[in-house]
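**Student:** One predicted model, sequence on top.
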Amino acid sequence: MDDLDLIRERAETVGFASPEHLTPARERLLAAARGERRRRPGRLFWAAGASIGLAAAITGVVALAPAEQVGIGAGVAHADPVKVLTEAASAALKEPAKPPRPDQFLYVRTEEPEHHVREVWFSVDGTRDSLIGGFKEGGCRNGKAPMYGTNDPRKEGMLEDCAPRSVYRTDLPTTADAMLAYLEAQAGDRKGDVNSMGKDVYHLAYEQVLPPASYAALFEAAARVPGLTALDHVTDAAGRPGVGITWPVSPGSSPKATPVVLVFDAKTYQFLGTPETAVTVKTFVDEVGQRP
Amino acid sequence: MTPEDTDADDDASVIARSRQQPSLFAVIFDRHSRHIHRYLARRLGPTTADDVLADTFLIAFDKRAKFDLARSDARPWLYGIATNLVARQRRTEVRELKLRLAVGPPPAEEGHADRVADQVSAQALGQRLDRALAALRPRERDVLLLVAAEGLGYQEVADALAIPVGTVKSRLNRARGRVRAELGRLDLVKETSAHG
């Protein structure tokens, strides 16, 4: 063993984060992509307005505002974040509990802007190979998981240490108090960082399944987070209308960073996704790659 | 899989298309985010890594018009952006290395040089390694970690950091020299190797 081996061995104590752990960063990227798409028609509109003259340009300002806010809804909300999240919690409790079998897969289909579709199949008990988009993630069996898509091709398929993770989260608290404590503990040294908690709420609600009591507790706990705002008229990435909850961006993040908005159905208060991601199918299937 | 069917396309063609269709850049995220996040977590710790990962891809997205389409693989480019962001977090990185030193058991062999070889454990060696890494010049540490921990080739590191391959090699040699000096006698390293 030489110094390079030693460094490699030391580095290998830190493995891959779970894909759902990375979804908030992905969401930020999609929000930036959305911003860029909206700028272009906006400019064209201005150019047209200016050529017609001042009066038309003023009309242009009025007409531009809603176009700029596609997906994020208009300004001041009548909706109250506490009420929206409390309703979301009661909606969660009305869902029947349907525990999956350990050998099944959680299938989530997400529609994204520009007709992009993300599909994932996560092994319920974490022991089977999952499929995320077109990429395989090794299942964890007897404490070892095969590595796919490694930087070093020689390591492809080699085993690394792991702990199986279930996407059906029976390990989570079922009361708002305990869930809030859990979220705070997850934040680690960022205790009190609202943004960090927002990311955890999002990734638990997105490509994982919580039994109804925990799912309700998640939204009840979220309702107690300070600094959230509600937006009345938002649409998710599939164009479904709803009410939005925004999570503020943490201080010091990139100027490109935009707040993540969670979209709930305005009538049923079911979680729909975000303006960048619309969860259109979420269910358990028997095989990886199988669609319901 | 997707309506655009990007599975068969290399990174360069996906990035080229993302110039007109911005959200296609999510495909680049899906392909490489795990590796970039792990790299950042190794260097900066898990919580900082989350935020810096988001920033890495926001910057990459902004710079996608400048991506060299002759390169089919975007990963070295992303490592480069991530490494630049690590540079802004030097203090966090050094703190992370020192934190790992602090959480391990106190090195009992300190001050008993004659018994070092007997008592040395992988953990103590790891701590010594962290101390050595913390003491390196940042640009040398970048190269050393990209090669040793991330498994990048010399050319990939050169692409990532926009430096000549010769510079990669010389920085690597200097870094290794310093680490070896810090780790001390070579027989100590052999000792650990014998234990597996």
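**Tutor:** Cool, got the structure.
**Student:** Could I get the contacting residues of A:Val225?
**Tutor:** A:194, A:197-198 (C-beta atoms under 8 Å, 6 or more residues apart in numbering or on different chains). Glycine gets a C-beta too; all of them are placed from N, C-alpha and C.
**Student:** hmm, 7 Å instead?
**Tutor:** A:Val225 makes contact with A:194, A:197, according to C-beta atoms under 7 Å, 6 or more residues apart in numbering or on different chains.
**Student:** how near is it to A:Lys199?
**Tutor:** For A:Val225, the distance to A:Lys199 equals 12 Å [C-beta to C-beta, to the nearest Å].
**Student:** Near B:Arg90, how many other residues are there?
**Tutor:** By other C-beta atoms under 10 Å in any protein chain shown, 12 other residues sit near B:Arg90.
**Student:** Quick check: pLDDT value at the closest residue to it other than its chain neighbours.
**Tutor:** Once flanking residues are discounted, B:Arg90 sits nearest to B:Pro138: 6.0 Å by C-beta to C-beta, 6 or more residues apart in numbering or on different chains. As summarised for this prediction, B:Pro138 has a pLDDT of 91.
**Student:** Just to check, B:Pro138 is in contact with B:Ala87?
**Tutor:** Yes: counting by C-beta atoms under 7 Å, B:Ala87 is a contact partner of B:Pro138 at 6.4 Å.
**Student:** Closest residue of the stretch 151-292 of chain A to chain B?
**Tutor:** In the stretch 151-292 of chain A, the residue that lies nearest chain B is A:Asp152 (3.5 Å; C-beta to the nearest C-beta).
**Student:** mind showing which ranges of the chain have poor pLDDT?
**Tutor:** Going with chain A. Within chain A, the segments meeting pLDDT under 70 span A:37-78, A:151, A:188-192, A:250-257.
**Student:** Hmm, no, I was thinking of chain B.
**Tutor:** Scanning chain B for pLDDT under 70 picks out B:1-7, B:100-123, B:185-196.
**Student:** the strands in it, which residues?
**Tutor:** In chain B, no segments count as strands under DSSP state E.
**Student:** Which parts of the stretch 101-250 of chain A are strands?
**Tutor:** Remark: strands assigned in the stretch 101-250 of chain A by DSSP state E, counting those that start in this stretch are A:105-112, A:116-123, A:130-132, A:135-137, A:144-146, A:159-161, A:229-235, A:241-247.
**Student:** The second one pairs with which strands, parallel or anti?
**Tutor:** Pointing back at strand A:116-123 there. Neighbouring strands of strand A:116-123 in its sheet, by DSSP bridges, are strand A:105-112 (antiparallel), strand A:130-132 (antiparallel).
**Student:** what's that strand in contact with?
**Tutor:** A:105-112, A:130-133, A:139, A:167, A:207, A:288-289, B:1-4, B:23-24, B:26.
**Student:** The same query, at a cut-off of 8 Å, please.
**Tutor:** Contacts to strand A:116-123, defined as C-beta under 8 Å, 6+ apart, come from residues A:19, A:105-112, A:129-133, A:139, A:167, A:207-208, A:277, A:285, A:288-291, B:1-4, B:23-24, B:26-27, B:30.
**Student:** Could you do the third one as well?
**Tutor:** Around strand A:130-132, the neighbours that count as contacts under C-beta under 8 Å, 6+ apart are A:19, A:105, A:119-123, A:136-137, A:139, A:288-289, B:30.
**Student:** Present those residues as CSV; the columns should include distance to A:Leu30 and neighbour count.
**Tutor:** Output for the contacts of strand A:130-132, formatted as CSV (distance: C-beta to C-beta, whole Å; neighbours: other C-beta atoms under 10 Å in any protein chain shown):
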residue, distance to A:Leu30, neighbour count
A:Pro19, 15, 20
A:Phe105, 24, 24
A:Glu119, 16, 17
A:Val120, 15, 24
A:Trp121, 21, 24
A:Phe122, 20, 29
A:Ser123, 25, 24
A:Lys136, 23, 15
A:Glu137, 21, 24
A:Gly139, 28, 19
A:Val288, 25, 17
A:Gly289, 24, 11
B:Asp30, 11, 19
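**Student:** Turn these into a markdown table, columns for distance to B:Arg95.
**Tutor:** Below are the contacts of strand A:130-132 laid out as a markdown table (distance: C-beta to C-beta, whole Å):
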| residue | distance to B:Arg95 |
| --- | --- |
| A:Pro19 | 28 |
| A:Phe105 | 40 |
| A:Glu119 | 40 |
| A:Val120 | 35 |
| A:Trp121 | 39 |
| A:Phe122 | 34 |
| A:Ser123 | 36 |
| A:Lys136 | 35 |
| A:Glu137 | 31 |
| A:Gly139 | 35 |
| A:Val288 | 41 |
| A:Gly289 | 44 |
| B:Asp30 | 31 |
